[in-house]
Every structure is written in structure tokens, then in C-alpha cells.
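**Q** Here you go, sequence then predicted model.
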Amino acid sequence: MNGTLADLQNAPDTRDVPLAKVGVKGLEYPIRVLDRVNKIQHTTGRADLYADLPRHFKGVHMSRFVEIFHRHREDLSMPRFLEMLEEVAAGLDAQSAYGILEFPYFLEKKAPVSLLPGIVSYRCRYQGRVSRRGEGNAGGKSAGGDAGFDRHFVVSVSAPVTTVCPCSKAISDRGAHNQRGVVTVELELGPFFWIEDIIDLVEKAASSPVYSILKREDEKQITEAAYDNPKFVEDLVRDVYSGLKALDSFPRFSVEAENFESIHNHSAYARAEFG
């Protein structure tokens, strides 16, 4: 066997077709993220990692995406995620690198009356892009050398909630229909923030939060409190929007809510955008 193995990825390509994205998709990995209470949280991430490919290269070395992600798995806080993407771009001599990371984020919540603790899962998503400054085609460097990267980063957090229908309450002689819903907040990164703070804001805007463990006294308290705080899906989105805008921390954000209606065979939906 020859001492040198063929490297086909670095072979030239004559089809004159640049690729906007090439990489690995659906990489599942144990990761660590920041946690406001416990400092660090162990969870499982699903990552998509890409770079652009100039027209004159046949392919990229796919293993490099995994090598770089493996090195960063112990600290995938928001700023570190972008640093990882910069390392991807540098390691592959690409102009731009892209990444998506989805993971469950777990919080311990105590039932409102019995105070029994339980764990609730929330869905989180990082989506980032880094691009070299002052460059034309991918893979080349400006005359002054690497001028750094432009960064774009969006975080989304999805929280389950309960809503009670104001219309049903107003027209019914007995009770009102309620349903579980999901609120998703998407934030363009400004100053540092805690995921927990966004979850708190969303849950306070709903008729009620949801819990994993409830005794009868908890169910009574939640049912009555939610009945006294009915919310249309439109109310829910507007209240979360107002809370985020009052923080004055995010250059752009969006809020969307989907209520899984209990008396319809469809969902109710609303969305608002800022910036």
C-alpha cells in the first residue's frame, strides 16, 4: 500500500458550480450549555453544520465538522457557538459557515401548592452564520489578511403553556374550554440573556404554566387561576411581544403561539414580529 492516500476532496472540479452549503446534518451529540441555577446543564444536541464550497473544489473534508464540534461540545454557550462556526470556516478555508443546534432544556419546577418538584422540558434552537469580512469569492483572503467575521445569531425558545378561551367563558353557563399550547420566541442576539428569563416571561403571559407533577390541590389552584386569566392566542402573542419589547435588548425578535384547540380539529395560531 502506498504511503500517501488519495485526497479526492481537494481535487479540482471543472463544472463551475459553487455550493452555498455543504456539510453534515443531524449530528446527535451529548453537549453542555449554560444553566442559570446549576451553572452547567448536560443535554443532547442535534446539529447541522455547513460551509460554502468554491466552484474550483470538488468537496470538503466532512470529518472536520465533527472534529470541531467534538472539541466544543463541553461549552456550547451562545458566544462559543459562534466561535465554533468561525473555526469551521477557518478550518475549511471557506468564506462562510452555518450551524443549527437543537436541544431540550430542562428546568425543575415545583407544583404551586404541594411544592413537589418535577422536570419540564423546553425546546431550544441556535441558528448561526459567520462570514469573512472584505472578501469576494469563498476561500480567498483579502489583501490585508483575515479581517475577522461578520456574525449573525438567532436563538429560539419554545415553552408549553395553558390557555383558557375568553369567548367560551363569556358565553357558557358552566366552565370554559382550555387547551395546551406552545409559544416560540425567536431572538436575534443582543446582550447576554438567560433562557430561563425568556421562559418566565412566556409563562407569565399565559393563563397558566404547565407542570410535570400535580396533586389535587395543585390542579384546583391552577384550574381556578387559569379560569380567572383567560387568553386568546392573540392576547398571548401580544403580551409576550410587549414583555420582550420592554426589555429593549433584542434588535429583532418574533413571537408565535399555537393553541391545540380542545373543541376544534385544528389549532389556533398567531405571530408578531419586531425589527
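**A** Good, I have the coordinates. Numbering: from 1, shown residues only.
**Q** My guess is Leu92 contacts Met62. True?
**A** No - Leu92 lies out of contact with Met62 (CB atoms under 8 Å); the separation is 10.0 Å. Glycine gets a C-beta too; all of them are placed from N, C-alpha and C.
**Q** Show me which of the two is the more surrounded one.
**A** Comparing Leu92 with Met62 by neighbour count (other CB atoms under 10 Å), the higher total belongs to Leu92, at 24 against 13.
**Q** Asn259: neighbour count?
**A** The local packing of Asn259 (other CB under 10 Å) involves 25 other residues.
**Q** actually Leu201, not the one I wrote
**A** Number of residues near Leu201 (other CB under 10 Å) recorded here: 20.
**Q** which other helices and strands contact the helix or strand hosting it?
**A** Here Leu201 sits within helix 195-205, counting by DSSP states H and E. If contacts are counted by 3 or more CB pairs under 8 Å, 6 or more residues apart in numbering; DSSP states H and E, helix 195-205 sits against strand 96-110, strand 117-132, strand 149-164, strand 178-188, helix 233-247.
**Q** any idea of the mean pLDDT in stretch 48-67?
**A** The pLDDT scores in stretch 48-67 average 83.
**Q** could I have it exported to CSV, CA atoms only?
**A** Output of stretch 48-67 as CSV, limited to C-alpha atoms (Å, rounded to 0.1, in the frame of the first residue of the first chain):
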residue,chain,number,x,y,z
ASP,A,48,-26.4,20.7,11.3
LEU,A,49,-23.1,22.2,10.3
TYR,A,50,-22.3,23.6,6.8
ALA,A,51,-19.7,25.7,4.9
ASP,A,52,-19.8,27.1,1.4
LEU,A,53,-17.7,25.4,-1.2
PRO,A,54,-15.9,27.3,-4.0
ARG,A,55,-16.5,26.3,-7.6
HIS,A,56,-13.0,25.0,-8.0
PHE,A,57,-13.0,22.5,-5.2
LYS,A,58,-14.6,19.0,-5.6
GLY,A,59,-15.6,18.6,-1.9
VAL,A,60,-14.9,19.3,1.7
HIS,A,61,-13.5,17.0,4.4
MET,A,62,-16.7,16.1,6.3
SER,A,63,-14.8,14.7,9.3
ARG,A,64,-13.6,18.2,10.1
PHE,A,65,-17.1,19.4,11.0
VAL,A,66,-17.4,16.6,13.6
GLU,A,67,-13.8,17.1,14.9
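**Q** sorry, back to before: closest to Val33 out of the helices and strands packed on helix 195-205?
**A** Taking CB to CB, strand 96-110 is the member of these nearest to Val33, at 6.9 Å.
**Q** Which strands or helices does the worst-scoring helix or strand of the chain on mean pLDDT pack on?
**A** Every helix and strand in the chain was compared by mean pLDDT, DSSP states H and E; the lowest is helix 78-91, with a mean of 91. Applying 3+ CB pairs under 8 Å, 6+ apart, we find helix 78-91 packed against strand 39-53, helix 62-72, strand 96-110, strand 117-132, strand 149-164.
**Q** May I see the ones you listed organised as TSV, with distance to Asp235 added?
**A** Output for the helices and strands packed on helix 78-91, formatted as TSV (distance: least, CB to CB, whole Å):
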stretch	distance to Asp235
strand 39-53	32
helix 62-72	40
strand 96-110	23
strand 117-132	21
strand 149-164	8
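**Q** Single out the most deeply packed of those.
**A** strand 149-164 (a mean of 20; mean count of other CB atoms under 10 Å).
**Q** same for that strand, what does it pack against?
**A** Where contact means 3+ CB pairs under 8 Å, 6+ apart, strand 149-164 is packed against helix 78-91, strand 117-132, strand 178-188, helix 195-205, strand 208-209, helix 216-227, helix 233-247.
**Q** Which strands or helices does the shortest one pack on?
**A** Pointing back at strand 208-209 there. If you count contacts as 3+ CB pairs under 8 Å, 6+ apart, strand 208-209 packs onto strand 149-164, helix 216-227.
**Q** Since that was my last question, I'll sign off now.
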